[in-house]
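J.: For reference, the sequence and a predicted model appear below.
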Amino acid sequence: MNSAVRRGWRMAGAVLAMSCAVSLAAWAGGSGFGDDDDNGEEEGPSYFGFVRDTNGTTAKVTVAVKNRGGIVTRTDLLGTYKVPGFGKEVDPKDVEVSCDKPGYKQLRVVRRSTPSTDPKIPIETECTLQRI
(Lines give C-alpha, C1' and ligand atoms only; values in the text may rest on other atoms or scores of the structure.)
Protein backbone atom coordinates (compact mmCIF):
# COMPACT_ATOMS: atom_id res chain seq x y z
CA MET A 1 0.00 0.00 0.00
CA ASN A 2 1.39 3.41 -0.81
CA SER A 3 1.70 6.13 1.80
CA ALA A 4 -1.16 8.26 0.40
CA VAL A 5 -3.60 5.37 0.83
CA ARG A 6 -2.35 4.72 4.39
CA ARG A 7 -2.76 8.38 5.29
CA GLY A 8 -6.28 8.30 3.89
CA TRP A 9 -7.16 5.29 6.03
CA ARG A 10 -5.65 6.92 9.13
CA MET A 11 -7.63 10.10 8.47
CA ALA A 12 -10.83 8.08 8.00
CA GLY A 13 -10.11 6.25 11.28
CA ALA A 14 -9.58 9.54 13.11
CA VAL A 15 -12.83 10.97 11.72
CA LEU A 16 -14.70 7.80 12.72
CA ALA A 17 -13.24 7.92 16.25
CA MET A 18 -14.25 11.57 16.69
CA SER A 19 -17.77 10.96 15.42
CA CYS A 20 -18.13 7.99 17.80
CA ALA A 21 -16.98 10.14 20.72
CA VAL A 22 -19.49 12.88 19.86
CA SER A 23 -22.24 10.29 19.34
CA LEU A 24 -21.45 8.70 22.72
CA ALA A 25 -21.77 12.07 24.46
CA ALA A 26 -25.07 12.73 22.71
CA TRP A 27 -26.38 9.26 23.52
CA ALA A 28 -25.25 9.49 27.13
CA GLY A 29 -27.36 12.51 27.92
CA GLY A 30 -28.16 14.48 24.84
CA SER A 31 -26.37 17.56 26.10
CA GLY A 32 -23.29 18.48 28.01
CA PHE A 33 -23.25 19.75 31.56
CA GLY A 34 -24.21 23.38 31.43
CA ASP A 35 -26.04 23.17 28.09
CA ASP A 36 -29.43 23.01 29.74
CA ASP A 37 -28.75 24.86 32.99
CA ASP A 38 -31.35 27.51 32.23
CA ASN A 39 -33.26 26.95 35.47
CA GLY A 40 -36.53 28.82 35.80
CA GLU A 41 -37.01 31.18 38.71
CA GLU A 42 -39.09 28.60 40.59
CA GLU A 43 -36.55 25.79 40.17
CA GLY A 44 -33.75 25.06 42.64
CA PRO A 45 -30.22 24.01 41.71
CA SER A 46 -29.72 20.91 39.58
CA TYR A 47 -27.70 17.95 40.88
CA PHE A 48 -24.97 16.14 38.98
CA GLY A 49 -22.00 13.98 39.68
CA PHE A 50 -20.11 10.79 39.10
CA VAL A 51 -20.35 7.21 40.25
CA ARG A 52 -17.01 5.50 40.60
CA ASP A 53 -16.47 1.75 40.64
CA THR A 54 -13.85 -0.70 39.45
CA ASN A 55 -15.60 -1.60 36.18
CA GLY A 56 -16.89 1.76 35.01
CA THR A 57 -20.31 0.38 34.09
CA THR A 58 -23.63 2.09 34.72
CA ALA A 59 -25.24 2.37 38.14
CA LYS A 60 -28.57 3.52 39.57
CA VAL A 61 -28.57 6.94 41.26
CA THR A 62 -31.31 8.17 43.57
CA VAL A 63 -31.58 11.89 44.32
CA ALA A 64 -34.19 12.31 47.04
CA VAL A 65 -35.56 14.97 49.35
CA LYS A 66 -35.67 13.85 53.01
CA ASN A 67 -39.12 12.58 54.01
CA ARG A 68 -40.48 13.16 50.50
CA GLY A 69 -39.92 11.60 47.11
CA GLY A 70 -37.05 11.69 44.72
CA ILE A 71 -35.76 10.98 41.26
CA VAL A 72 -34.15 7.72 40.18
CA THR A 73 -31.84 7.81 37.18
CA ARG A 74 -28.95 5.85 35.72
CA THR A 75 -25.45 6.98 34.95
CA ASP A 76 -24.23 7.12 31.39
CA LEU A 77 -21.34 4.98 30.17
CA LEU A 78 -18.87 7.44 31.67
CA GLY A 79 -20.44 7.20 35.13
CA THR A 80 -22.04 10.66 35.10
CA TYR A 81 -25.59 11.67 35.97
CA LYS A 82 -27.64 14.85 36.18
CA VAL A 83 -31.11 15.62 37.51
CA PRO A 84 -33.04 18.91 37.54
CA GLY A 85 -33.70 20.98 40.64
CA PHE A 86 -36.65 20.30 42.94
CA GLY A 87 -37.81 23.87 43.52
CA LYS A 88 -36.79 26.93 45.51
CA GLU A 89 -38.75 25.76 48.55
CA VAL A 90 -36.51 22.65 48.88
CA ASP A 91 -33.36 23.25 50.90
CA PRO A 92 -30.40 21.62 49.07
CA LYS A 93 -29.18 20.39 52.48
CA ASP A 94 -32.26 18.14 52.57
CA VAL A 95 -31.37 16.49 49.27
CA GLU A 96 -29.57 13.15 49.55
CA VAL A 97 -27.80 11.28 46.76
CA SER A 98 -27.27 7.52 46.87
CA CYS A 99 -26.06 4.98 44.34
CA ASP A 100 -26.75 1.32 43.82
CA LYS A 101 -25.48 -1.46 41.61
CA PRO A 102 -25.99 -5.22 41.93
CA GLY A 103 -22.93 -6.85 43.48
CA TYR A 104 -21.65 -3.56 44.93
CA LYS A 105 -22.12 -1.60 48.13
CA GLN A 106 -22.07 2.15 48.53
CA LEU A 107 -18.71 3.03 50.06
CA ARG A 108 -19.09 6.80 50.35
CA VAL A 109 -20.89 9.85 49.02
CA VAL A 110 -19.01 13.15 48.79
CA ARG A 111 -20.76 16.43 48.06
CA ARG A 112 -18.16 18.57 46.32
CA SER A 113 -20.25 21.69 45.82
CA THR A 114 -21.62 23.58 48.75
CA PRO A 115 -25.25 24.66 48.58
CA SER A 116 -25.52 28.19 47.25
CA THR A 117 -28.28 30.76 47.27
CA ASP A 118 -27.90 30.98 43.47
CA PRO A 119 -30.16 28.32 41.87
CA LYS A 120 -28.10 28.48 38.66
CA ILE A 121 -25.14 26.78 40.35
CA PRO A 122 -25.53 22.98 40.17
CA ILE A 123 -24.54 20.82 43.13
CA GLU A 124 -21.95 18.10 42.46
CA THR A 125 -21.95 14.82 44.34
CA GLU A 126 -19.62 11.87 43.82
CA CYS A 127 -20.62 8.36 44.85
CA THR A 128 -18.11 5.53 45.25
CA LEU A 129 -19.10 1.88 44.98
CA GLN A 130 -17.11 -1.16 46.10
CA ARG A 131 -17.54 -4.74 44.95
CA ILE A 132 -19.04 -6.95 47.68
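T.: Yep, that arrived.

J.: Contact partners for residue 127?
T.: Residues near residue 127 by CB atoms under 8 Å, 6 or more residues apart in numbering: 49-52, 59, 61, 97-99, 106, 108-110. The way it works is simple: take the backbone N, C-alpha and C, and place the C-beta from them, glycine included.

J.: Out of these, which end up buried?
T.: 49-52, 59, 61, 97, 99 (16 or more other CB atoms under 10 Å).

J.: re earlier: biggest separation within the contacts of residue 127, which pair?
T.: The largest distance within the contacts of residue 127, taken as CB to CB, falls between 59 and 110 and amounts to 15.4 Å.

J.: So which of the contacts of residue 127 sits lowest on pLDDT?
T.: Lowest pLDDT among these: residue 52, with 84.

J.: which one is that one nearest to, not counting chain neighbours?
T.: Closest residue to residue 52 apart from its sequence neighbours, by CB to CB, 6 or more residues apart in numbering: residue 128 at 4.8 Å.

J.: beta partners for the one you found?
T.: Residue 128 has these beta-bridge partners by DSSP bridges: residue 52, residue 108.

J.: Right, I'll call it a day here.
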